[in-house]
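K.L.:
here is my input, please return the structure:
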Amino acid sequence: MVPAIYRELFGVVAGASAALTGLLFVALSVTLRRGPDAGPGVIQQVRAAAALLAFINALAVSLFGLVPGTNVGYPAVVLGVTGIAFTAAAIRSVLASQATSRQQLRQLGLVVLLLLIFGAELAAGVALLAHPASDTSAQVIGYALVSSLLVGVARAWELVGERDTGLVASIVTLAGRTHAVSDRAGIPAGAADDAPVSGRSPGQAGE
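P.N.:
Coordinates of the predicted model:
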């Protein structure tokens, strides 16, 4: 049985995940076009499935945890195994697709996050089944559910924006735009500040 202190948390997580799941379906229904950075269809499918699974994970574990007399370790173990199996299938699908090496590497962050979340949830669920009164195990499951919601939001935003929203990908994108601006101006990257002021010759720049 879930400690009483976590019942309110599970109730909030259940409500949030239910609302986000509905918004995810709306986002998928209005996202009809794919941009040039979207990659192969299998990558979009993996992103959508990851977001849906993340929300369902938080929703199912929280709802079962609110049932009186239910050990939340059972749904945590089931969803943990399901999540790890999905992650393995996603890796196989991406590697077997026509995606380039760069596009495959961009999914590495998603894979690592999912493995951490579902692995921690599975381990905490097993520990909670062995020791139902363990407050630490229930706390780890709570952290896993909140993290699952955040990952689901990030994947859903990635679907709507049709681009990778990770930190590394964002830095690469910004760097690429900087180089593109310099190339269009006919100026080597990093030399824009050394260019003479428009309308003046190099000799007049210091006047």
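
K.L.:
test my guess that residue 110 contacts residue 50.
P.N.:
Yes. The pair residue 110 / residue 50 is scored as a contact, 6.0 Å apart, by Cβ atoms under 8 Å. Heads up, the C-betas are built off the backbone N, CA and C, glycines and all.

K.L.:
can you pull the residues that touch both of these two?
P.N.:
Counting by Cβ atoms under 8 Å, 6 or more residues apart in numbering, the residues touching both residue 110 and residue 50 are 90, 151, 155.

K.L.:
helix, strand or coil for the first one?
P.N.:
Meaning residue 90. Of the three states, residue 90 takes helix under DSSP: H, G, I helix; E, B strand; the rest coil.

K.L.:
tally of neighbours for the nearest residue to residue 72 once chain neighbours are set aside?
P.N.:
Among residues not flanking residue 72 along the chain, residue 65 sits closest, at 3.8 Å (Cβ to Cβ, 6 or more residues apart in numbering). Close neighbours of residue 65, defined as other Cβ atoms under 10 Å, add up to 27.

K.L.:
and what of the one 3 residues further on?
P.N.:
Look at residue 68: counted by other Cβ under 10 Å, it has 7 neighbours.

K.L.:
three-state assignment of it?
P.N.:
Once three-state DSSP is applied, residue 68 turns out coil.

K.L.:
ok, it to residue 7 distance?
P.N.:
10 Å (Cβ to Cβ, to the nearest Å).

K.L.:
so what's the predicted local confidence for residue 73?
P.N.:
You'll see residue 73 listed with a pLDDT of 92.

K.L.:
before we move on, back to that, and the residue nearest to residue 72, how far is that from residue 122?
P.N.:
For residue 65 relative to residue 122 (Cβ to Cβ), the value is 15 Å.

K.L.:
separation between the closest residue to residue 66 other than its chain neighbours and residue 70?
P.N.:
Excluding its sequence neighbours, the residue lying closest to residue 66 (Cβ to Cβ, 6+ apart) is residue 10, at 5.5 Å. Using Cβ to Cβ, residue 10 is found at 11 Å from residue 70.

K.L.:
do the same with residue 110
P.N.:
30 Å.

K.L.:
neighbour-wise, which of the two wins?
P.N.:
Taking other Cβ under 10 Å, residue 110 and residue 70 do not tie; residue 110 has more neighbours (23 against 14).

K.L.:
name the element that one belongs to?
P.N.:
Assigned by DSSP states H and E, residue 110 belongs to helix 108-130.

K.L.:
tally of neighbours for residue 46?
P.N.:
The number of residues near residue 46, taken as other Cβ under 10 Å, comes to 25.

K.L.:
hang on, it packs against residue 93?
P.N.:
Yes. Shown here, residue 46 and residue 93 form a contact pair, counting by Cβ under 8 Å, at 6.3 Å.

K.L.:
okay, now the unreliable bits of this structure?
P.N.:
1-4, 30-41, 99, 103-104, 160-207 (pLDDT under 70).
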